[in-house]
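Enquirer: please find the sequence and the predicted model below.
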Amino acid sequence: MTQLQHLDIKIPNLTQLYFEESAATWDARMPPNYGAILLDFARPFVAEFQVASTILEIGTGTGAFIPVLKSLAPDAQLFSVDLAHAMLHHAQQRIPNARLLQADVHQLPFESAAIDLVVCHNSFPHFRKKQQALDEIKRVLRPDGKLMILHNNSREFVNSIHTRAGEPLHHDLLPTGEDMRHLLISGGWADVEVEDAPHRYIARAQVGQDS
């Protein structure tokens with residue numbers, strides 16, 4: 001699959017509409033050296049990327065993180081999904097051979113236990129039903145599959161941007177490190193690690209044996 005696949009969503013929600021309308025100017029909002037920033041941010045996780053034979057990136061937007069994953073895990077089969085078709089159109093222009101699908105994290109178009117690693121880069125705050133989204137992510141992960149929630153900025157920075165943006169993003173917030181840890185553990189995830197740091201926000205977890 002090398003062509004963009006999209007869903008026939010008859011009544012888009014407000015979050016989807018926001019990102020559909022923002023796609024054309026999205027990349028202009030990023031720093032001019034954004035690609036290098038992301039690569040430097042992701043390099044410490046190269047071992048986790050490279051052990052995965054299948055990676056699902058959720059919330060790819062215009063695909064800025066796809067070249068990073070392709071560079072650090074060149075042998076992995078990478079799928080990237082987003083709720084907004086216009087975002088994916090720009091991602092396809094950036095990486096013509098990317099495997100792109102329009103999909104809602106709460107209902108992913110993948111078979112159960114099909115994915116080794118799920119990566120959510122700068123997207124988790126926009127999952128409106130976070131526990132349901134985490135349950136759906138767990139469904140598509142193989143036994144011992146891993147989840148990485150990655151933000152190359154701090155929680156305070158991310159939340160301030162979303163709060164100032166107003167509707168529909170002002171409620172799309174990153175939880176505190178302790179709340180994220182509780183959310184994952186209560187959802188049955190194992191090996192939970194959360195770094196709520198001044199320069200970045202990282203959460204890792206693994207499918208538990210009882211899941």
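Expert: Received the coordinates, thanks.
Enquirer: and the longest helix seen in the chain, what does it pack against?
Expert: When the chain is parsed with DSSP state H, its longest helix is helix 14-26. Helix 14-26 sits against helix 85-94, with contacts defined as 3 or more C-beta pairs under 8 Å, 6 or more residues apart in numbering; DSSP states H and E. Heads up, the C-betas are built off the backbone N, CA and C, glycines and all.
Enquirer: show me what the helix it packs on is packed up against.
Expert: Under the contact definition 3+ C-beta pairs under 8 Å, 6+ apart, helix 85-94 sits against helix 14-26, helix 66-72, strand 77-82, strand 99-102.
Enquirer: and residue 107, how far from residue 86?
Expert: Between residue 107 and residue 86 the computed distance is 20 Å (C-beta to C-beta, to the nearest Å).
Enquirer: repeat for residue 18
Expert: Distance, residue 18 to residue 86, using C-beta to C-beta: 11 Å.
Enquirer: ditto for residue 92
Expert: Residue 92 is 11 Å from residue 86, where distance means C-beta to C-beta.
Enquirer: swap in residue 163?
Expert: For residue 163 relative to residue 86 (C-beta to C-beta), the value is 24 Å.
Enquirer: one more: residue 98?
Expert: Counting by C-beta to C-beta, the gap from residue 98 to residue 86 is 15 Å.
Enquirer: which of those two has more neighbours?
Expert: Taking neighbours as other C-beta atoms under 10 Å, residue 98 and residue 86 compare with residue 98 leading, 23 against 18.
Enquirer: can you get me a residue count around the residue nearest to that one when sequence neighbours are not counted?
Expert: For residue 98, ignoring the flanking residues on the chain, the nearest one in space by C-beta to C-beta, 6 or more residues apart in numbering is residue 66 at 5.5 Å. A count of nearby residues for residue 66, using other C-beta under 10 Å, gives 21.
Enquirer: residues contacting residue 66?
Expert: In this structure, residue 66 makes contact with 57, 60, 78, 80, 91, 94, 95, 98, judged by C-beta atoms under 8 Å, 6 or more residues apart in numbering.
Enquirer: if we go to 10 Å?
Expert: Residues in contact with residue 66 (C-beta atoms under 10 Å, 6 or more residues apart in numbering) are 57, 60, 78, 80, 91, 94, 95, 98, 99, 100, 121.
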